[in-house]
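Peer 1: Provided below are the primary sequence and the corresponding predicted coordinates.
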Amino acid sequence: MSVIYQRVALIGLGLIAGSMARAMQRGGLAGEITGYARSAETRTTAADIGLVDRVCDSAAEAVKDADLVVLAVPVGVMGAVAAEISAHLKPGATVTDVGSVKRAVIETVSPHIPDGVHFVPAHPLAGTEHSGPEAGFAELYDNRWCLIVPVEGTEPQAVARLRSLWEAMGANVDEMDADHHDLVLAVTSHTPHLIAYTMVGVADDLRRVTDSEVIKYSAAGFRDFTRIAASDPTMWRDVFLTNKDATLEILGRFTEELFALQRAIRTGDGDHLFDYFTHTRAIRRGIIDAGQDTDAPDFGRGGPKS
Ligand code: NAP
């Protein structure tokens, strides 16, 4: 593969930016990668492990002469970071982001994009519960989706070039409107995370009563919830604060379904439960057929079986 952007600046050096750096290195997709993160600790670690070619002491320094600037920070600080770099962007450069929410990021970042600079929001649908510069790995985006959410009036060439970068990093790319993105992600990612956080919280309350049996006999179902509920608190706080309407809409529907299942259990309506679970099993099969997960026991992770 060949170089797609001569200079790439990564602002934020966590799981997502780190995996982009590794994937770009794997494919030789960038001439030089610079990086900046808020804390000296993260910058030192990034330099020590050779995550990027040059770790900078400020965001302004990192974006100087960059052809592509990637905002890979929590959604709640995207606007502040955009304001910090605004005056230092090269004419003709593209700014993109990887935030999990799109409407709020577009609203806070767009005012800071100078004339002559392209803004092409994006969101890779890939992640783990780990964070920080050492969490990144080159394969994270292989065969995963990356949604590009172009804002009105963006030059098609800027979108096409970013698309080619994501494809070269292993991802499948689709374009989507911001509001639709936020609703789809509320269903597929944001609300499930909230439910996992809640379930682990409930189990923790119970643990105080049952003296750690919840941990000791933790079955696969609960273990999967705890994995999701171990995700970064800052990132997820920002997701719910900025994707409020869509998340509340889906939570409302979830609560209605939960009440219906609760009633079926109370009234002994086995047919309702059986039909419901048959339907959800078919959805799981569809996800595996689409190559988005494996049907290996315990999701292929190995470890103690329940
Ligand atoms: P992460 O591992 O926690 O990394 C976040 C990075 O942002 C850290 O390097 C942090 O620096 C830096 N940062 C925070 N505030 C900053 C500021 N004001 N200025 C400069 N740097 C700052 O998080 P991540 O998982 O990579 O997530 C980054 C973005 O990707 C988020 O917007 C998230 O919504 C999105 N995303 C995440 C996932 C996922 O599953 N994790 C998936 C898709 C998209 P310090 O280390 O110094 O604090």
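Peer 2: Okay, I see it.
Peer 1: near the ligand, which residues of this protein are found?
Peer 2: 11-17, 37-39, 42, 72-75, 77, 81, 98-100, 123-124, 127, 131-132, 135, 232, 235 (C-beta under 6 Å from any ligand atom). Just so you know, the C-beta spots here come from the backbone N, C-alpha and C atoms, and that holds for glycine as well.
Peer 1: report the buried members of those.
Peer 2: Buried by 16 or more other C-beta atoms under 10 Å: 11-17, 37, 42, 72-75, 77, 81, 98-100, 123-124, 127, 131-132, 135, 232, 235, out of the residues of the chain next to the ligand.
Peer 1: where does the stretch 51-200 of the chain get nearest to the ligand, which residue?
Peer 2: Gly127 (1.9 Å; C-beta to the nearest ligand atom).
Peer 1: let me know the pLDDT of that residue.
Peer 2: What the model reports as pLDDT for Gly127 is 92.
Peer 1: just the ones in strands from the residues of the chain next to the ligand, please.
Peer 2: In this view, these that belong to strands under DSSP state E are Ile11, His123, Pro124.
Peer 1: what residues are bridge-paired with the first one?
Peer 2: Each beta-bridge partner of Ile11 is listed here, defined by DSSP bridges: Tyr36, Leu71.
Peer 1: who touches it in this structure?
Peer 2: 17, 35-37, 59, 62-63, 69-73, 81, 85 (C-beta atoms under 8 Å, 6 or more residues apart in numbering).
Peer 1: check the last one too.
Peer 2: With contacts taken as C-beta under 8 Å, 6+ apart, Pro124 has the following neighbours: Ile16, Val98, Leu140, Tyr141, Arg144, Trp145, Cys146, Trp166, Ala171.
Peer 1: nearest residue to it other than its sequence neighbours?
Peer 2: Once flanking residues are discounted, Pro124 sits nearest to Cys146: 4.5 Å by C-beta to C-beta, 6 or more residues apart in numbering.
Peer 1: quick one: that neighbour is in a strand?
Peer 2: Yes - under DSSP: H, G, I helix; E, B strand; the rest coil, Cys146 falls within a strand.
Peer 1: my read is that it contacts Trp166, right?
Peer 2: Yes - counting by C-beta atoms under 8 Å, Cys146 touches Trp166, with 4.3 Å between them.
Peer 1: so what's in contact with these two at the same time?
Peer 2: Ala122, Pro124, Val173.
Peer 1: run a quick neighbour tally on the first one.
Peer 2: Here the neighbour count serves as a burial measure; for Ala122 (other C-beta atoms under 10 Å) it reads 24.
Peer 1: same check on His130?
Peer 2: His130 has 15 nearby residues by other C-beta under 10 Å.
Peer 1: and Thr45, what does it touch?
Peer 2: Counting by C-beta under 8 Å, 6+ apart, Thr45 has contacts Leu51, Gly132, Pro133, Glu134.
Peer 1: once you drop chain neighbours, what's closest to the second one?
Peer 2: Leaving aside its sequence neighbours, Gly132 sits nearest to Gly14 (C-beta to C-beta, 6+ apart; 5.7 Å).
Peer 1: now do the contacts for that neighbour.
Peer 2: Ala37, Thr42, Ala72, Ser131, Gly132, Pro133, Ala135, Gly136 are the contacts of Gly14 under C-beta under 8 Å, 6+ apart.
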